[in-house]
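Student: my questions are about this predicted structure, shown below with the sequence.
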Amino acid sequence: MIKNTKIDVNSVLGVLLALVAIMGGQMLEGGHVSALLQFAAFVIVIGGTVAAVLLQSPVKILISGVKMSKWVFYPPVRPYQQLIRQLIDWAHLSRKEGLLALDEYADLVADPLTKKGLQLIADGSKPEKLREILEIEVDTEVSFQRQSARIWEAAGGYAPTIGILGAVLGLIHVMENLTDPSLLGGGIAVAFVATIYGVGLANLFFLPVASKLKTVINEQLVMREALVDGLVAIASGENPREIENRLMSYFVGAK
């Protein structure tokens, strides 16, 4: 069901524009871009944020969330027209040859949810029971995906605080070296840049990534709901034309 498509231009432009805006603003103020490149501040903010997310998230969810991040730049396609066409073909077949004829198609389907639905239909499951089973599958899948996406939201919450922690550490370093002016610049730089890293990463990357993933998950949920509705309609022996009209209503305004 989930297949990647071409790159999302909006996401790429968003990241590039954010970098240009920050670096360009720094240069317009008369500063140097190199002043924003502080390895110590980067280690504090990224290391602390990753550690906090690791502490709150099970490894399975963390790995899933990282893998899902590719959806920001390569979002899954929504082949809803193909889905509807396939369901209608199965509806015609079931009315012509009986529900048992769908069993052979179950072995040809790669999507686990579709495979299970066709097998249950062929086994003679009641429509209401079929819906119950498939909806549990969908709810479980979507719940796991949403938990995975929340690691980015969590990172967006932790990063600014870790940035403040980095600023405090930098100021401590400054206070320890008040008698040596040559060491003050580095500590002050870490202090301010750490704050920039924390706030910037949270608001320009982590939180937008979380929101984008939620949008993709919701779009995939619509596909799942349409699939379940179509399979239940086939099991109920509904007219293919009626099924098609109802399924199209799921994707009003879709491209």
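Tutor: Received, thanks. Residues are numbered from 1 along each chain as shown.

Student: can you show me the helices along this structure?
Tutor: 9-28, 39-56, 59-68, 80-97, 103-106, 112-122, 127-176, 184-201, 207-236, 240-248 (DSSP state H).

Student: comparing the ones you listed by mean pLDDT, which bottoms out?
Tutor: For those, mean pLDDT drops lowest on helix 184-201, to a mean of 80.

Student: alpha carbons of stretch 19-32, as PDB, please.
Tutor: Taking Å, rounded to 0.1, in the frame of the first residue of the first chain, the C-alpha atoms of stretch 19-32 are listed here in PDB:
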ATOM      1  CA  LEU A  19      19.100  27.700   5.900                       C
ATOM      2  CA  VAL A  20      19.300  30.700   3.500                       C
ATOM      3  CA  ALA A  21      17.200  32.800   5.800                       C
ATOM      4  CA  ILE A  22      19.400  32.200   8.900                       C
ATOM      5  CA  MET A  23      22.700  32.400   7.100                       C
ATOM      6  CA  GLY A  24      21.600  35.300   5.000                       C
ATOM      7  CA  GLY A  25      20.400  37.200   8.000                       C
ATOM      8  CA  GLN A  26      23.600  36.600   9.800                       C
ATOM      9  CA  MET A  27      25.600  38.000   6.800                       C
ATOM     10  CA  LEU A  28      23.200  41.000   6.500                       C
ATOM     11  CA  GLU A  29      23.900  41.800  10.200                       C
ATOM     12  CA  GLY A  30      27.600  41.900   9.300                       C
ATOM     13  CA  GLY A  31      28.400  38.600  10.900                       C
ATOM     14  CA  HIS A  32      30.200  35.600   9.400                       C
END
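
Student: before we move on, back to that, go through the helices of the chain and name the closest to residue 74.
Tutor: helix 9-28 (9.0 Å; Cβ to Cβ). All C-beta atoms are positioned from the backbone trio N, CA, C, and that covers glycine.

Student: not counting that closest one itself, show me its contacts.
Tutor: 32-33, 35-36, 72-73, 196, 200, 204-205, 208, 212 (Cβ atoms under 8 Å, 6 or more residues apart in numbering).

Student: closest one of these to residue 53?
Tutor: So of the contacts of helix 9-28, ranked by how close each gets to residue 53 (Cβ to Cβ), first place is residue 205, at 13.6 Å.

Student: that closest one and residue 25: what is the separation?
Tutor: Going from residue 205 to residue 25 by Cβ to Cβ, to the nearest Å gives 17 Å.

Student: before we move on, the earlier item: turn the contacts of helix 9-28 into a markdown table, including neighbour count and distance to residue 45.
Tutor: Converted to a markdown table, the contacts of helix 9-28 look like this (neighbours: other Cβ atoms under 10 Å; distance: Cβ to Cβ, whole Å):
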| residue | neighbour count | distance to residue 45 |
| --- | --- | --- |
| 32 | 10 | 20 |
| 33 | 11 | 18 |
| 35 | 11 | 16 |
| 36 | 17 | 13 |
| 72 | 22 | 20 |
| 73 | 17 | 23 |
| 196 | 18 | 9 |
| 200 | 20 | 9 |
| 204 | 18 | 13 |
| 205 | 18 | 12 |
| 208 | 18 | 17 |
| 212 | 22 | 22 |
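
Student: and the residues you listed, which two are furthest apart?
Tutor: Pairwise over the contacts of helix 9-28, using Cβ to Cβ, the maximum falls at 32 and 212, 32.2 Å.

Student: please tell me how far the most centrally placed residue in the chain sits from residue 58.
Tutor: The centre of the chain sits closest to residue 213, judged by Cα atoms, centre = their mean, with a distance of 2.4 Å. From residue 213 across to residue 58, the span is 17 Å (Cβ to Cβ).
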